[in-house]
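**Q** Sequence plus the predicted model coming up.
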Amino acid sequence: MAVSTISPSASPQPKNPVQRILGLSWPWRITLGYLTIMLLLPVAALIAKASTEKPADFWRIATSPVALATYNVTFVTALIAALINAVFGVLIAWVLVRYDFPFKRIIDAAIDLPFALPTSVAGLTLATVYSDNGWIGSLLVPFGIKVAFTRLGVAVAMIFISLPFVVRTLQPVLHDMEKEVEEASWSLGASQFQTFRRVVLPPLMPAILTGVALGFSRAVGEYGSVVIVASNVPFKDLIASVLIIQRLEQYDYSGATVIGTVLLGISLLILLAINLLQAWGRRYEL
């Protein structure tokens, strides 16, 4: 006859959520408290403020022509910037990990410059360099290419501030990859491109997608550099963050929170899609 292993004197598990939280260990309590104060409450406050608008007014503000134009500039440009960094970030990380060359440490440290540089300084620098009289902008003018104070300038700013996320995410993975696997592929007759596509790239995919997600998130929320390098003209290169500031300057707090809520919702959906791609890419992990 089976004997129960549960002691008769054992107290039942508390069902009250407060009792469950109080029964957690201190690391859990601190984690939940910190996330609640720093993340959940601000998001809840934003949504609560936006919900004060009637559904019809919420929809009218969220889908106004200028708002739709800013969504397009913000998310499409940020996605393009993240994809560009996915390509060049892999190349830069590969060179920094696999090759030794003069001033390697300096170049490696310079990758983190967008992290340390104030975004307003980054915008001023980019606007100066890419203006029609700048070092790079003057070379593009004869070809009819204008960067500063255009949507292209917004893309350049987003690429600049999000590049380190891809490079720094990939470098540890490349360090841990064994070169013997590539050499074995070459010895079996595979070309360098085939080796990269079938041997090197699959294990890198989760890291690449993580870097793209981080870079995309950073680009969507960028304000300081974009507001300087762009002309901030509606239906041209106005991003959602600048539109929110403009609404606040007009004391339209409800309108600003509505735009912010839509920005938050779209960002979460896109990040969810990227996370699903990450889960799909993990099947290639070694």
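**A** Right, received. Where do you want to start?
**Q** show me where pLDDT drops low in the stretch 101-250 of the chain?
**A** Residues of the stretch 101-250 of the chain meeting the criterion pLDDT under 70: 183.
**Q** What segments of it are helices?
**A** Here the stretch 101-250 of the chain has its helices, by DSSP state H, counting those that start in this stretch, at 104-110, 113-116, 119-129, 137-140, 151-176, 179-187, 192-195, 201-220, 226-229, 240-249.
**Q** gap between the residue nearest to the spatial centre of the chain and residue 124?
**A** Central residue of the chain (CA atoms, centre = their mean): residue 217, 2.4 Å from the mean position. Remark: distance between residue 217 and residue 124 (CB to CB, to the nearest Å) = 24 Å. For every residue, glycine as well, the C-beta is placed using N, CA and C.
**Q** So which elements touch the helix ranked longest in the chain?
**A** If you go by DSSP state H, the chain has its longest helix at helix 253-281. Secondary-structure packing of helix 253-281 (3 or more CB pairs under 8 Å, 6 or more residues apart in numbering; DSSP states H and E): helix 41-50, helix 55-62, helix 65-71, helix 201-220, helix 240-249.
**Q** Need phi/psi at residue 134.
**A** For residue 134, the backbone dihedrals are phi -80, psi 170 (criterion: degrees, to the nearest 10).
**Q** Look up how far residue 233 lies from it.
**A** Here residue 134 is placed at a distance of 20 Å from residue 233 (CB to CB).
**Q** more neighbours, these two?
**A** residue 134 (18 against 11; other CB atoms under 10 Å).
**Q** got CSV for the helices of the stretch 101-250 of the chain, with distance to residue 93 too?
**A** Compiled in CSV, the helices of the stretch 101-250 of the chain are given as follows (distance: least, CB to CB, whole Å):
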stretch, distance to residue 93
helix 104-110, 10
helix 113-116, 15
helix 119-129, 21
helix 137-140, 27
helix 151-176, 4
helix 179-187, 15
helix 192-195, 17
helix 201-220, 9
helix 226-229, 25
helix 240-249, 29
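**Q** Between those helices, which one is closest to residue 62.
**A** helix 240-249 (11.0 Å; CB to CB).
**Q** Touching the closest one from outside, list them.
**A** Residues from elsewhere that reach helix 240-249 (CB atoms under 8 Å, 6 or more residues apart in numbering): 66-67, 70-71, 73-74, 220-223, 226-227, 230, 232, 234, 253, 255-256, 259-260, 263.
**Q** same thing but 7 Å
**A** Here helix 240-249 makes contact (CB atoms under 7 Å, 6 or more residues apart in numbering) with 66-67, 70-71, 74, 221, 223, 227, 232, 255-256, 259-260, 263.
**Q** now the angle between helix 55-62 and it, please.
**A** If you take axes from the mean of the first three to the mean of the last three CA atoms, to 10 degrees, helix 240-249 sits at 120 degrees to helix 55-62.
**Q** what is the orientation angle of helix 240-249 with helix 253-281?
**A** Using the same axes, to 10 degrees, helix 240-249 lies at 160 degrees relative to helix 253-281.
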